[in-house]
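Peer 1: How does the following fold in three dimensions:
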Amino acid sequence: MTQDLQTPTLVEQPSAFDFPETLQRIVAAIESKGLRVFAQIDHAAGAAEVGLSMPPTTVLVYGHPKGGTPMMLAAPRSALDLPLHLLVRVDADGSTRVAFHPVAALLVAAGVPADLAAKLAPAQALVLAAIQG
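Peer 2: You can find the predicted model right below:
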């Protein structure tokens, strides 16, 4: 597999807010656009269940069948990258950061036509808008 050096494989941005507020703002932004949060995976809670500790670290899985289904019909392998995922975490300096893989590049790599794949980019852009001060 070749990597287009012009396409980032990861977007990571600091949040202007603390962890709980960042998470709340992102969920509210997602839901305000009619998207669904399918899952919140609290990795720190999972670590605590086995006697380990880690900073707050949550993965959100979100999207909507109306947006994702056409992608999966065009290229069934795209289901590996859908629904969308994003990571909210506290780094070693105590700052809250949000990260995700740019979805359009992942979907194109799975065989989705670029114009169709680009339709999900606004769902990721709304996350970045939610964490700006």
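
Peer 1: Nearest the geometric middle of this protein, what residue?
Peer 2: Nearest to the mean C-alpha position of the chain, counting by CA atoms, centre = their mean, stands L86 at 2.3 Å.

Peer 1: SS state for that one?
Peer 2: Three states are possible here, and by DSSP: H, G, I helix; E, B strand; the rest coil the one that applies to L86 is strand.

Peer 1: what's near enough to touch the residue nearest to it when sequence neighbours are not counted?
Peer 2: In space, L86 comes closest to F100 once its chain neighbours are excluded; the distance is 4.2 Å by CB to CB, 6 or more residues apart in numbering. C-beta: built from backbone N, CA, C; applies to glycine. Counting by CB atoms under 8 Å, 6 or more residues apart in numbering, F100 makes contact with 10-11, 84-87, 124, 127.

Peer 1: circling back to that earlier point, show the model's pLDDT score for the residue nearest to the centre of the chain.
Peer 2: Predicted confidence (pLDDT) at L86: the value is 97.

Peer 1: Check the gap between the residue of the chain most remote from its centre and E12 for me.
Peer 2: Note on the chain: the largest C-alpha distance from the chain mean falls to G51, namely 27.5 Å (CA atoms, centre = their mean). Taking CB to CB, to the nearest Å as the measure, G51 and E12 are separated by 29 Å.
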